[in-house]
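# quick check, what structure comes out for this input:
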Amino acid sequence: MSQALEIDLLRSFAIVAEVRSLSRAASRVGRTQSALSQQMKRLEEIVDQPLFQRTGRGVVLTNPGERLLIHAQRLLRQHDEAMADLCGKGLTGTIRFGCPDDYAAVFLPALLRQFSHQHPQAFVEVVCGPTPRLIEQLENHAVDLAMISLPETPPAREGTKGSVDDDIIRHEQLVWIGYPGLDPAHFDPLPLALSDPDTLDHLAACEALQRIGRTYRVAYASSSLSGLTALVRSGQAFAVMTQTAVPVDLAILHGATGLPPLPGVGITLKFERKRPSHLTAAFAEHIRLTLPLL
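Okay, the predicted model is just below:
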């Protein structure tokens with residue numbers, strides 16, 4: 001290795017590794033895709049190793065790329081901590097943040113990593129749960145801020161009405177999911193794996209099936225996303241979740257399967273108090289700016 005690793009190159013590399021797409025990473029770092037590609041080519045020349053493998057769905061890290069990512073994340077964290085300390089910038093403290101499991105799996109890694117770059121002395125404690133449980137946590141002052149779901153069309157359902165504002169940050173579509181190759185038409189009644197009875201996915205699924213007169217039974221009801229997806233993977237039930245969060249090994253079931261269409265949901269934020277701390281407000285603003293781009 002004849003040249004030094006540059007922080008700017010490492011930061012761009014870490015973002016490409018995170019989103020696995022040069023086009024999406026380019027919009028995140030504020031560069032053209034061509035300029036970002038040149039950056040990554042330069043980095044590969046510096047380390048004299050291929051860092052990415054191009055695929056039809058984007059890019060994946062090679063073994064050297066995975067090894068560099070470990071070093072890059074550590075160096076970026078140390079760099080940002082040093083800059084915050086020496087320049088007197090960055091917020092400090094701890095935020096208690098509530099987030100549904102499906103959003104946590106898809107959105108949190110990027111949200112937390114970027115916020116940590118800006119405020120390396122700030123810490124985010126994450127509490128996961130469905131929207132009604134997170135609202136209870138807010139009312140009990142157990143979390144400072146929560147990301148929650150709202151039905152896309154009024155009126156709000158019981159448990160959310162009057163509890164949140166209308167500041168929708170991102171829209172998500174609810175979809176039916178099942179094990180690939182499993183036809184829901186072969187089941188009567190239709191077995192369902194759903195979250196708690198007062199959650200939007202549970203209510204939307206039951207109401208949609210009732211509208212078309214389709215018989216169903218709730219085979220498994222739990223706030224555990226891993227438990228729901230495990231039952232779907234076993235082929236014993238079908239489920240409803242946001243399209244963005246569907247695992248790659250499960251199938252999205254469209255109208256041809258005879259299942260009714262489902263509504264969309266909106267993602268919003270709710271504070272534990274009317275006047276949140278400066279740190280909590282900063283994290284909320286970070287989410288508002290970043291979430292639509294993920």
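# please identify the helix or strand for T268.
strand 264-271 (DSSP states H and E).
# for that strand, packing partners?
helix 131-139, strand 145-151, strand 170-178, helix 278-290 (3 or more Cβ pairs under 8 Å, 6 or more residues apart in numbering; DSSP states H and E). For glycine as for every other residue, the C-beta is placed from the backbone atoms N, C-alpha and C.
# report how many residues lie close to P276.
16 (other Cβ atoms under 10 Å).
# helices along the chain, start to end?
With DSSP state H as the criterion, the chain has helices at 7-19, 22-29, 33-47, 63-87, 101-118, 131-139, 200-211, 225-233, 278-290.
# closest to M147 out of those helices?
Closest to M147 of the helices of the chain is helix 101-118 (Cβ to Cβ; 5.8 Å).
# helices or strands up against that closest one?
Packing partners of helix 101-118 (3+ Cβ pairs under 8 Å, 6+ apart): helix 7-19, helix 63-87, strand 122-128, helix 225-233, strand 238-242, helix 278-290.
# what residues does R288 make contact with?
167, 169, 269 (Cβ atoms under 8 Å, 6 or more residues apart in numbering).
# check the first one and give its pLDDT.
What the model reports for D167 is a pLDDT of 84.
# partner strands of the strand holding T268 and their direction?
strand 145-151 (antiparallel), strand 170-178 (antiparallel) (DSSP bridges).
# kindly reformat those as JSON lines containing mean pLDDT, mean neighbour count and distance to R31.
As requested, those are exported to JSON lines (pLDDT from 0 to 100; neighbours: other Cβ atoms under 10 Å; distance: least, Cβ to Cβ, whole Å):
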{"stretch": "strand 145-151", "mean pLDDT": "95", "mean neighbour count": "24", "distance to R31": "28"}
{"stretch": "strand 170-178", "mean pLDDT": "95", "mean neighbour count": "19", "distance to R31": "24"}
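# need those in CSV (columns: distance to T94).
Below are the strands paired with strand 264-271 laid out as CSV (distance: least, Cβ to Cβ, whole Å):
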stretch, distance to T94
strand 145-151, 12
strand 170-178, 25
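# between the ones you listed, which gets nearest to G98?
That would be strand 145-151 among those, by Cβ to Cβ, at 3.5 Å.
# report the buried residues of stretch 273-282.
276-277, 279-280, 282 (16 or more other Cβ atoms under 10 Å).
# and of the residues you listed, the nearest to S34?
Nearest member of those to S34, counting by Cβ to Cβ, is A282, at 33.3 Å.
# so the closest one versus P276, what's the distance?
For A282, the distance to P276 (Cβ to Cβ, to the nearest Å) stands at 9 Å.
# likewise F115?
15 Å.
# before we move on, what about S234?
Per Cβ to Cβ, S234 is found 42 Å from P276.
# before we move on, the earlier item: and the helices of the chain: which comes nearest I95?
That would be helix 278-290 among the helices of the chain, by Cβ to Cβ, at 5.4 Å.
# care to break this structure down by domain?
1-79, 171-264 (automatic domain parsing).
# in a markdown table, list these along with distance to E152.
Converted to a markdown table, the domains of the chain look like this (distance: least, Cβ to Cβ, whole Å):
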| stretch | distance to E152 |
| --- | --- |
| domain 1-79 | 25 |
| domain 171-264 | 4 |
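# show me where pLDDT drops low in this protein?
Counting by pLDDT under 70, the chain contains low-confidence ranges at 1-2, 84-89, 153-166, 256.
# distance from stretch 59-67 to the middle of the chain?
Relative to its parent chain, stretch 59-67 has a centroid offset of 22 Å by Cα atoms, centre = their mean, to the nearest Å.
# equivalent analysis for stretch 195-214, please.
Averaging C-alpha positions (Cα atoms, centre = their mean) puts stretch 195-214 23 Å from its chain's average.
# hang on, the earlier thing: which one, of the domains of the chain, ends up nearest to A122?
domain 1-79 (12.7 Å).
# contact partners for the residue nearest to A219 when sequence neighbours are not counted?
In space, and not counting its chain neighbours, A219 is closest to P191: 4.1 Å by Cβ to Cβ, 6 or more residues apart in numbering. Taking Cβ under 8 Å, 6+ apart, we find P191 in contact with 216-217, 219, 236-238.
# run the last query once more with 7 Å
By Cβ atoms under 7 Å, 6 or more residues apart in numbering, the contact set of P191 is 217, 219, 236-238.
# over to D188?
D188 neighbours (Cβ under 7 Å, 6+ apart): T215.
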